[in-house]
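S.K.: Next input, structure requested:
(2 chains)
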2 protein chains.
Amino acid sequence: MLKLFYALNTCALASHIALEEANAQYEAVRLDFRANDQSKPEYLAINPKARVPALITEQGILTETPAILAYIAQTFPEARLAPLADPYAFARIQAFNSYLCSTVHVAHAHGRRGYRWADDPVAIKDMQRKVPETVGACFELIEREMFTGPWVTGGDYSICDPYLFTISGWLKGDSVDIARFPRVHDHYTRMSARAAVKKVLAVQS
Amino acid sequence: MLKLFYALNTCALASHIALEEANAQYEAVRLDFRANDQSKPEYLAINPKARVPALITEQGILTETPAILAYIAQTFPEARLAPLADPYAFARIQAFNSYLCSTVHVAHAHGRRGYRWADDPVAIKDMQRKVPETVGACFELIEREMFTGPWVTGGDYSICDPYLFTISGWLKGDSVDIARFPRVHDHYTRMSARAAVKKVLAVQS
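M.R.: Here you go, the predicted model:
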C-alpha cells in the first residue's frame, strides 16, 4: 500500500489531496516538524533531503511534489487527473506545477526559512519583508497569464488544482490578500468545497 | 518546427542538448540577457515570466526545464531519453529534475540574482557569501544519495543527464570545486565528450 509522509502546513497537502481524488488505497503518516521529525535518522533513511512529501510505493520511494503528482495521475488513469495521452497537454500541466515548485513555493519559503540562503539577521529580515511583494507578483502572473478556468488548465480538474489550492492557502500567512486575484480566489473556494479536500483537511488538523 | 529560446549560461542548455540528443528538427534562438531581451514585449508575448527556456511547438508554447525535458522524451520516444512505460522510473527522473530546478538552481541563483528575494545590499551580499555552502551541500547529496552511475539514474542515459551537466557547469562560478564530487566530476567529463553536447556548446559560444 502507498504510504505518504506529510507535515501540517506543507506542500505535502497537494499529494495528499491527489491520492484522495484518485481514490487510492494509502496510509498518511504525519511528521511533527516542531519535534524535527524530518531530520531524525529513521526519516532521513526515507528522504535524505529531510523534507516532505515522500511517497513509499511498492517499487521504491518518491519525493518532490511535481513528480509525485504526475505519478499519481499516471498510476490511477481512471481518475483522469492529467491528459496522459497528449504530451503537450501533459507538459503544460508539468510546467504549471514546476512554476509552483521552483518559483512560488521558493518565494514563500523566504518568509519562514530564509536561513536556507542567508545567515545575517539583517538578510533574513529583509527576505521576510519582501515576501508579500514576490508572492503577490507570482499570483498576479497566475491570475493573468496561467489560470484558464474553471480549473487551472481549463474544463478538466487535474493535478495542478490541489497544488494551486495548497499554495493559495499560504497567501494569508504571507500577508497577500487572495481577493486581489478573483479567479484564484474563486478556485480556492470551489476547491475547499470538494469532498476529497474536506476529507484531507479533516485529517490534517 | 520546434523553436527553442535560450540565453548563454542558463539552464536552457539542458533542453538544447536534449533536442540534439533526440535528433529533433529545431531552431535555436538566442536572447541576449545583457540587452535585456527577455523583458522586451516580443519575448514577454512568448513567455510572460521573462525567463528561458521557452519551446514553441506546433500546439503552443512550453516553459520550465523539467516540463520541456519530459516533453522531448515523450515526443521522441525512439531516442529513449526516459523510461516512458514505467511510471515509477519516470517519476524518479522527474524527482531528480525537480530537485535540480527547485533546490539546486535556486541555491545557485542567490549568487547573481539575489535581488529576486531581497533589496538590502547587506542581504544580497550575505546571500552571495553563502552560495558555495548551499550549492556544495546540494552536490554532496547528489553525489552520495541520488547519482546511480554511470548515468544519473543508472545504465541508461536520460533527460537527467544534460540537466545535471548544465548545473555542474556552474560549480566553478559558484566557487565549488567539482573534484569534491568524483562521480559528478566523471559524469561531467563524459558528458563533455558526447557529440550532441559538443555540437550545442559550439552553438552556445
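S.K.: Let me see the domain layout of chain A.
M.R.: With domains defined by automatic domain parsing, chain A comprises A:2-80+A:199-203, A:87-194.
S.K.: quick one: the helices in chain A?
M.R.: Ranges of helices in chain A, per DSSP state H, are A:12-21, A:41-44, A:65-75, A:87-99, A:105-112, A:121-141, A:160-168, A:182-192, A:195-203.
S.K.: so can I have TSV of those helices showing mean pLDDT?
M.R.: Formatted as TSV, these follow (pLDDT from 0 to 100):
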stretch	mean pLDDT
helix A:12-21	98
helix A:41-44	97
helix A:65-75	98
helix A:87-99	98
helix A:105-112	98
helix A:121-141	98
helix A:160-168	98
helix A:182-192	98
helix A:195-203	98
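S.K.: now those as CSV including distance to chain B?
M.R.: Using the backbone N, CA and C atoms, a C-beta is placed for each residue, glycine as well. Conversion of the helices of chain A to CSV gives the following (distance: least, Cβ to the nearest Cβ, whole Å):
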stretch, distance to chain B
helix A:12-21, 12
helix A:41-44, 10
helix A:65-75, 4
helix A:87-99, 4
helix A:105-112, 5
helix A:121-141, 4
helix A:160-168, 12
helix A:182-192, 16
helix A:195-203, 21
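S.K.: want to throw the domains of chain A into a markdown table with mean neighbour count and distance to B:Asn36?
M.R.: Below are the domains of chain A laid out as a markdown table (neighbours: other Cβ atoms under 10 Å in any protein chain shown; distance: least, Cβ to Cβ, whole Å):
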| stretch | mean neighbour count | distance to B:Asn36 |
| --- | --- | --- |
| domain A:2-80+A:199-203 | 19 | 30 |
| domain A:87-194 | 20 | 18 |
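S.K.: Adding distance to B:Phe147, write those domains out as JSON lines.
M.R.: JSON lines is the format used below for the domains of chain A (distance: least, Cβ to Cβ, whole Å):
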{"stretch": "domain A:2-80+A:199-203", "distance to B:Phe147": "12"}
{"stretch": "domain A:87-194", "distance to B:Phe147": "21"}
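S.K.: mind checking which of those is nearest B:Gln94?
M.R.: B:Gln94 lies closest to domain A:2-80+A:199-203 among the domains of chain A, at 3.8 Å (Cβ to Cβ).
S.K.: returning to that earlier point: could you dump the helices of chain A into JSON lines and include distance to B:Pro87?
M.R.: Listed next are the helices of chain A as JSON lines, based on distance: least, Cβ to Cβ, whole Å:
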{"stretch": "helix A:12-21", "distance to B:Pro87": "14"}
{"stretch": "helix A:41-44", "distance to B:Pro87": "24"}
{"stretch": "helix A:65-75", "distance to B:Pro87": "4"}
{"stretch": "helix A:87-99", "distance to B:Pro87": "12"}
{"stretch": "helix A:105-112", "distance to B:Pro87": "24"}
{"stretch": "helix A:121-141", "distance to B:Pro87": "29"}
{"stretch": "helix A:160-168", "distance to B:Pro87": "18"}
{"stretch": "helix A:182-192", "distance to B:Pro87": "25"}
{"stretch": "helix A:195-203", "distance to B:Pro87": "21"}
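S.K.: So for B:Arg129, which of those sits nearest?
M.R.: Closest to B:Arg129 of these is helix A:121-141 (Cβ to Cβ; 9.5 Å).
S.K.: CA atoms only for the closest one, dumped as PDB, please.
M.R.: Taking Å, rounded to 0.1, in the frame of the first residue of the first chain, the C-alpha atoms of helix A:121-141 are listed here in PDB:
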ATOM      1  CA  PRO A 121      19.700  38.500  10.700                       C
ATOM      2  CA  VAL A 122      19.500  41.600   8.500                       C
ATOM      3  CA  ALA A 123      19.300  39.500   5.400                       C
ATOM      4  CA  ILE A 124      16.700  37.100   7.000                       C
ATOM      5  CA  LYS A 125      14.500  40.100   8.000                       C
ATOM      6  CA  ASP A 126      14.800  41.700   4.500                       C
ATOM      7  CA  MET A 127      13.800  38.500   2.900                       C
ATOM      8  CA  GLN A 128      10.700  38.300   5.200                       C
ATOM      9  CA  ARG A 129       9.800  41.900   4.300                       C
ATOM     10  CA  LYS A 130       9.900  41.200   0.600                       C
ATOM     11  CA  VAL A 131       7.600  38.100   0.600                       C
ATOM     12  CA  PRO A 132       4.300  39.900   0.100                       C
ATOM     13  CA  GLU A 133       5.800  41.600  -3.000                       C
ATOM     14  CA  THR A 134       7.300  38.400  -4.500                       C
ATOM     15  CA  VAL A 135       4.500  36.000  -3.700                       C
ATOM     16  CA  GLY A 136       2.000  38.700  -4.900                       C
ATOM     17  CA  ALA A 137       3.800  39.100  -8.200                       C
ATOM     18  CA  CYS A 138       3.700  35.300  -8.700                       C
ATOM     19  CA  PHE A 139      -0.100  35.200  -8.100                       C
ATOM     20  CA  GLU A 140      -0.600  38.200 -10.400                       C
ATOM     21  CA  LEU A 141       1.100  36.200 -13.200                       C
END
